[in-house]
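Participant: my questions concern the predicted model and sequence given below.
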Amino acid sequence: MEIDKAIGECDDKRLKTKYNNAIFVIKRALSLYSIEEVAFSFNGGKDSTVLLHLLRAGYFLHKKELSSSNGGLSGFPVRTIYFESPSAFTEINAFTYDAAQTYGIQLDIIRQDFKSGLEALLKANPIRAIFLGVRIGDPTAVGQEQFSPSSPGWPPFMRVNPILDWSYRDVWAFLLTCKVKYCSLYDQGYTSIGSIHDTVPNALLSVNDTSSKEKFKPAYLLSDGRLERAGRVKKNAALKNDVGSDSQNHEVLLASVIAVGDEILSGTVEDQLGLSLCKKLTSVGWSVQQTSVLRNDIDSVSEEVDRQRSICDMVFIYGGVGPLHSDVTLAGVAKAFGVRLAPDEEFEEYLRHLISEQCTGDRNEMAQLPEGITELLHHEKLSVPLIKCRNVIVLAATNTEELEKEWECLTELTKLGGSTSLMESKRLMTSLTDVEVAEPLSKLGLEFPDIYLGCYRKSRRGPIIICLKGKDNARIESAVQALCKKFKEGVFVDMK
Ligand SMILES: Cc1cc2nc3c(=O)[nH]c(=O)nc-3n(C[C@H](O)[C@H](O)[C@H](O)COP(=O)(O)O)c2cc1C
Ligand SMILES: Nc1ncnc2c1ncn2[C@@H]1O[C@H](COP(=O)(O)OP(=O)(O)OP(=O)(O)O)[C@@H](O)[C@H]1O
Ligand SMILES: [Mg+2]
């Protein structure tokens, strides 16, 4: 088998190890599942192409072990699915079809989105496991292992990721050593290929040329594989980025507070931090748009963070930060931004000081932070810096005392308290009934559209508290006067 031979004959020890491990995973999968129960998700990308050849070799070696036959491969026996999209590059499409022909692959073309397509596929076929060319640096790899069940909400199958631990360099070492064909776009400076709408050649491969047309070196010449996605145009480029940039245009800054903890949802622990954070944010003029409590689950965190970061100026998240298996908050944040978790030397240094002797596990694993988007906010009062990922602040506090300290440092280090014009407010208490105040209050709202009017009561029959907020004290006073005029004197007590 030419692939096995090429790797066997090369003297790249690292590549041999990676190859052997991947083949081991493939052979395990082929032992666990029958050939009808497996599928290969192929899209003509470089990682997919590596996997195609590993599967060809793995199937050959698996068969050889079973029957001690040494025959060649006739056709490719693994059901191969390709989600064809109108926004795919024509070069990718052409290569995919070409490869199918060359290697005797019967392609199942699916023209639906991934989820619906997989649902239909699994309904019609006995498939239980799907091979994917996902690698650890991919945003979608966060939280995955070589065998990972599909996520909740997805049809049930096993995701098999034989090249999960391969680096960018390993991929190119394999393709070049085996001298196999790959999509022509990689020779034009594309290093990771998505759709025509979000992919351009990697600027790091640009060749300075006097002619007008920009030229690029081939993908295998990219020296720092961590930058392979530099040619991906950010999907959310237009979204909010940071306090102090486009957020300055709002009158009031918007915040979202997210707690992560199964223990809160089960009612075992009362969430004090959320309450405290809302108070603190309000006191410095922020408007808290939403608080939410999430399960310790990567996808729950990533979906909520992704939603909130695009709506709010700043997202504050706490809980699920640390070395426990349930501490998935940072992985969720990474997934929300489409980046991987990567070891951070600076952060590791802090942890080394902090936990030194107690550490039995891999300290490096604990020091993983969302790559390329994390800013460490240092403060002499903090033993570990605060973690800021674009407009998401990850708080490590586990109680209100710790939060107090982190908040103090945070307000000193960022423009949290300084960038907004503080809101003025006044609270009035009345023993009038809600029916009595309802209409006059809604009219007041129309007369003073610039004043926020909030109402609540502590018990059904207890007094009503009316809260007036605005930028200008004089306007608040006018609103209070106007409200008082609508009733007998003395029915409202000023609560300050
Ligand atoms: C065969 C297959 C299985 C997938 N299974 C899952 C899954 O279990 N959970 C999930 O969140 N995404 C799953 N995805 C989606 C990918 O994680 C990812 O969203 C997809 O590759 C799109 O990447 P893009 O948005 O960068 O194009 C799957 C995709 C494919 C092709
Ligand atoms: N449209 C698709 N059809 C079938 N499988 C897909 C599709 N998109 C992604 N996949 C699966 O997900 C894997 C990861 O996709 P990803 O885009 O990261 O890698 P790639 O396309 O192989 O290489 P590259 O990183 O250069 O784009 C693929 O190897 C493939 O198994
Ligand atoms: Mg791709």
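Facilitator: Received the coordinates, thanks. None of the values given here were measured: they were computed from a predicted structure. Numbers count the residues shown, from 1 in each chain. Ligands and ions are numbered 1, 2, ... in the order given.

Participant: following the lowest-mean-pLDDT helix or strand in the chain, which helix or strand shows up next?
Facilitator: Least confident helix or strand, the chain: helix 363-366 with a mean of 59, by mean pLDDT, DSSP states H and E. Sequence-wise, the next helix or strand beyond helix 363-366 is strand 368-370, with elements assigned using DSSP states H and E.

Participant: point me to the residue of the stretch 251-400 of the chain nearest ligand 3.
Facilitator: Closest to ligand 3 within the stretch 251-400 of the chain is G338: 13.0 Å, counting by Cβ to the ion. The C-beta positions use only the backbone N, C-alpha and C, and glycine is treated the same way.

Participant: where does the protein dip in pLDDT?
Facilitator: 68-74, 209-212, 234-251, 355-366, 417-422, 496 (pLDDT under 70).

Participant: in it, what residue is nearest ligand 2?
Facilitator: Here the chain gets closest to ligand 2 at one residue, G45, 1.9 Å apart by Cβ to the nearest ligand atom.

Participant: my guess is that residue meets I92, correct?
Facilitator: Yes - the criterion here is Cβ atoms under 8 Å, and G45 meets it with I92 at 7.2 Å.

Participant: joint contacts of the two?
Facilitator: Contact with both G45 and I92 is made by residues 183, 193, according to Cβ atoms under 8 Å, 6 or more residues apart in numbering.

Participant: give the contact list for the residue in the stretch 151-300 of the chain that ligand 1 sits nearest to.
Facilitator: Nearest to ligand 1, among the residues of the stretch 151-300 of the chain, is S151, at 3.5 Å (Cβ to the nearest ligand atom). Applying Cβ under 8 Å, 6+ apart to S151 gives the contacts D299.

Participant: OK, contacts around L185?
Facilitator: Applying Cβ under 8 Å, 6+ apart, the residues near L185 are 89, 91-92, 193.

Participant: stretch 75-94: which residues count as buried?
Facilitator: Across stretch 75-94, burial judged by 16 or more other Cβ atoms under 10 Å covers 76-84, 88-89, 91-93.

Participant: what do you get for stretch 95-109?
Facilitator: Under the neighbour-count criterion of 16+ other Cβ under 10 Å, stretch 95-109 has 95-97, 99-100, 103, 105, 107-108 buried.

Participant: which pair in the residues you listed spans the largest distance?
Facilitator: F95 and D108 (17.1 Å; Cβ to Cβ).

Participant: would you mind measuring from the residue of the chain closest to ligand 2 to K486?
Facilitator: G45 is 68 Å from K486, where distance means Cβ to Cβ, to the nearest Å.

Participant: the more surrounded of those two?
Facilitator: With neighbours defined as other Cβ atoms under 10 Å, G45 and K486 compare such that G45 has more, 22 against 13.

Participant: excluding covalently adjacent residues, which one is nearest to that one?
Facilitator: The shortest distance from G45 to any non-neighbouring residue, by Cβ to Cβ, 6 or more residues apart in numbering, is to I193 (5.4 Å).

Participant: burial count for that neighbour?
Facilitator: Using other Cβ under 10 Å: I193 sits among 24 other residues.

Participant: against L55, how distant is it?
Facilitator: In this view, I193 and L55 are 20 Å apart by Cβ to Cβ.

Participant: then G143?
Facilitator: As judged by Cβ to Cβ, G143 and L55 stand 24 Å apart.

Participant: try G225
Facilitator: Distance, G225 to L55, using Cβ to Cβ: 23 Å.

Participant: more crowded one of those two?
Facilitator: Legend: neighbour count by other Cβ under 10 Å for G225 and L55, higher for L55 (29 against 17).

Participant: the more buried one and G117, how far apart?
Facilitator: Using Cβ to Cβ, L55 is found at 20 Å from G117.

Participant: cool, and K217?
Facilitator: Per Cβ to Cβ, K217 is found 35 Å from G117.

Participant: kindly report the same for V260.
Facilitator: From V260 over to G117 (counting by Cβ to Cβ), the distance is 31 Å.

Participant: for these two, indicate the residue with more neighbours.
Facilitator: Per other Cβ under 10 Å, whichever of V260 and G117 has more neighbours is V260, with 27 against 18.

Participant: let me see the contact set for that one.
Facilitator: By Cβ under 8 Å, 6+ apart, the contact set of V260 is 293-296, 301, 317-320, 328-329, 332.

Participant: which of those residues sits closest to P201?
Facilitator: Nearest to P201 among the contacts of V260, with distances taken as Cβ to Cβ, is G332, at 31.3 Å.

Participant: that closest one contacts D299, doesn't it?
Facilitator: Yes - in this structure, G332 is within contact of D299 by Cβ under 8 Å, at 7.5 Å.

Participant: neighbour-wise, which of these two wins?
Facilitator: Legend: neighbour count by other Cβ under 10 Å for G332 and D299, higher for G332 (28 against 20).

Participant: list the helices and strands the host helix or strand of the more buried one packs on?
Facilitator: If you go by DSSP H and E, G332 is part of helix 329-337. Applying 3 or more Cβ pairs under 8 Å, 6 or more residues apart in numbering; DSSP states H and E, we find helix 329-337 packed against helix 298-311, strand 314-318, strand 341-343, strand 368-370, strand 386-389, strand 392-395.

Participant: JSON lines for these, including distance to A479?
Facilitator: Converted to JSON lines, the helices and strands packed on helix 329-337 look like this (distance: least, Cβ to Cβ, whole Å):
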{"stretch": "helix 298-311", "distance to A479": "29"}
{"stretch": "strand 314-318", "distance to A479": "29"}
{"stretch": "strand 341-343", "distance to A479": "50"}
{"stretch": "strand 368-370", "distance to A479": "45"}
{"stretch": "strand 386-389", "distance to A479": "38"}
{"stretch": "strand 392-395", "distance to A479": "34"}
